[in-house]
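> Just a sequence and a predicted model for now, questions to come.
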Amino acid sequence: MMLQARLKKKLQNFTLEASFTLPSGITALFGPSGSGKTMLVKLLGGLEQPDEGEITLTSKSLYKKTVDRKAEVNLPSHKRSIGFVFQDHRLFPHMSVLGNLKYGIQKDSSGTNTVLIEDVIELLDLTTLLHRKPKDLSGGESQRVAIGRALLSAPDILIMDEPLSSLDRVRKEDILRLIERVRDQFDQTILYITHSMDEVLHLADNLILIDQGSIKAHGPLMETLSRQDLFPLAGEMDAGTVFAGKVTSHDFDYNITTIESDAGPVFVTGVRQTKIGDNVRIRLRARDIALSTTKHSDISMLNQFNGVITEFRDHTPGVVLVTIDTGLTLFAAITLKSKQALELEVGSDVWALVKSVTVDSVER
């Protein structure tokens, strides 16, 4: 399923103007608090009305209105085939888990359940929870039930609005893996709203960046996150390069995994649960990369990538962002003093040095 939207709505502090296409897979809607993420979700779901615009799901028109005219099309929320999972779960407190799940069931024209409740219960591991009330559930359990209820409505699009914000780290990791299984098993198109770059890196196939009500960029995740002009929107502390690799070996004595990439081997820690041949996604932050004019054998940094400097750009006061071609484009944030001391210029041959413990990697 593909959703296309072009929306405009005047808000208190800015005017939200959004035009984008939501492809299959998981698309992350990322932006700071107050950027318009939640309002955009409400407009898509019919919970709020745009001043003008249109929403189309494949060939079906959900909303259409031109300025100063009455809406030509305005399907109510329950007819848009859009499911919601909110951060506060919104389970019915007087119903059991099973009752909450059954409430979401959507039947086809023959009266048959579109999505089998047994499949959802098994996927989300809900069997032991079915007769409990929401007050007896943990945060992670409640979120699993909320996801199950949304799936049983057989939505064409599933919108998840910061579903992990109230969970601890362990529960977040559990739900992240579960969301990936939902995407794969149900071939579900998901719009995932978050302000956590770690969640984006783990889940998203595509990325929409929003700020002050304006869509600043949207496209494939790795391509979009690696655009240095978007670094301020992605977060200065998280800015860097995201790229793909494949697990080639594990050193269990030292808990180090080797991942082959276009830049060469990358040594990372803490991913021993992956298997040889697994595809992974890697993020190297600009702030975690040091530069040297020579390769080192007497240094603790295991990752050393040889490349050529192609560009300098002012980053923050006293700091420059260096672009290095290593077979992959890497970015290093260094001080202006270091640039001058090393006599770096465009065309300089350098080594990008990265500590293994700073490399982020997730299985894909």
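Perfect, thanks for sending it. Keep in mind that this is a model prediction, so the values were computed, not measured.

> How about the contacts made by the residue nearest to the spatial centre of the chain?
Closest to where the C-alpha atoms of the chain average out (Cα atoms, centre = their mean) is Val200, at 2.3 Å. Contacts for Val200 (Cβ atoms under 8 Å, 6 or more residues apart in numbering) come out as Ala28, Phe30, Thr194, Leu207, Leu221, Leu225. In short, each C-beta sits where N, CA and C put it, glycine included.

> Please apply the same query to Arg171.
Ser138, Gly139, Gly140, Gln143, Leu164.

> Helix or strand next in line after the helix or strand hosting the residue nearest to the centre of the chain, which one?
According to DSSP states H and E, Val200 maps onto helix 197-203. Later in the chain than helix 197-203, the nearest helix or strand by DSSP H and E is strand 206-211.

> And Ile282, how far from Phe92?
Computed as Cβ to Cβ, to the nearest Å, the Ile282 to Phe92 distance reads 42 Å.

> between the two, who's got more neighbours?
More crowded of Ile282 and Phe92, by other Cβ atoms under 10 Å: Ile282, with 23 against 12.

> secondary structure class for that one?
The local conformation at Ile282, judged by DSSP: H, G, I helix; E, B strand; the rest coil, is strand.

> Isn't it up against Thr358?
No. Ile282 is beyond contact range of Thr358, at 11.3 Å (criterion: Cβ atoms under 8 Å).

> pLDDT weak spots in the stretch 251-364 of the chain?
By pLDDT under 70, the low-scoring segments of the stretch 251-364 of the chain are 271-272, 363-364.

> hey, where'd the strands end up in the stretch 51-200 of the chain?
Under the criterion DSSP state E, counting those that start in this stretch, the stretch 51-200 of the chain carries strands at the ranges 52-57, 60-65, 73-74, 82-86, 157-161, 189-194.

> Throw those strands into TSV and include mean pLDDT, mean neighbour count and distance to Leu129, thanks.
Listed next are those as TSV, based on pLDDT from 0 to 100; neighbours: other Cβ atoms under 10 Å; distance: least, Cβ to Cβ, whole Å:
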stretch	mean pLDDT	mean neighbour count	distance to Leu129
strand 52-57	94	20	32
strand 60-65	92	18	34
strand 73-74	90	14	38
strand 82-86	89	23	17
strand 157-161	91	24	20
strand 189-194	92	23	23
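
> Using TSV, lay out those together with distance to Gly270.
Shown next, in TSV, are these (distance: least, Cβ to Cβ, whole Å):
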stretch	distance to Gly270
strand 52-57	40
strand 60-65	43
strand 73-74	50
strand 82-86	29
strand 157-161	26
strand 189-194	22
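
> if we can go back for a sec, just the closest of the contacts of Arg171 to Glu118, please.
Gln143 (20.3 Å; Cβ to Cβ).

> Among the contacts of Arg171, name the buried ones.
The neighbour-count test (16 or more other Cβ atoms under 10 Å) marks Gly139, Gly140, Gln143, Leu164 as buried among the contacts of Arg171.

> Just the ones in helices from those, please.
Assigned to helices by DSSP state H, the following of these qualify: Gly139, Gly140, Gln143.

> Relative to Gly53, which of those residues is nearest.
Gln143 (31.1 Å).

> can you list the domains in the chain?
The chain breaks down by automatic domain parsing into domains covering 3-225, 240-363.

> Which of those sits closest to Phe231?
Nearest to Phe231 among the domains of the chain is domain 240-363 (7.5 Å), distances taken as Cβ to Cβ.

> contacts for the lengthiest strand in the chain?
Longest strand of the chain, by residue count under DSSP state E: strand 303-316. Strand 303-316 has contacts (Cβ under 8 Å, 6+ apart) with 228, 236, 263-264, 266-267, 286, 295-296, 320-327, 329-330, 333, 339, 344-356, 359.

> ok, longest helix in this structure?
Criterion DSSP H: the longest helix present in the chain is helix 169-186.

> Can you point out the buried residues in that one?
Using 16+ other Cβ under 10 Å as the test for burial, helix 169-186 gives Arg171, Lys172, Asp174, Ile175, Leu176, Leu178, Ile179, Glu180, Val182, Arg183, Phe186.

> so how many other residues sit close to Phe30?
Neighbour count of Phe30, defined by other Cβ under 10 Å: 27.

> next one: Ala341
Residue neighbour count, defined by other Cβ under 10 Å, stands at 10 for Ala341.

> Same check on Phe312?
Using other Cβ under 10 Å, Phe312 has 16 other residues around it.

> where's Met39, which helix or strand?
Here Met39, judged by DSSP H and E, is contained in helix 37-45.

> hmm, back to that, may I see the ones in helices among the buried ones among the contacts of Arg171 organised as JSON lines, with pLDDT added?
Below are these laid out as JSON lines (pLDDT from 0 to 100):
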{"residue": "Gly139", "pLDDT": "86"}
{"residue": "Gly140", "pLDDT": "87"}
{"residue": "Gln143", "pLDDT": "88"}
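
> out of those residues, who's nearest Lys79?
Checking those against Lys79 with Cβ to Cβ, the nearest one is Gln143 at 25.9 Å.
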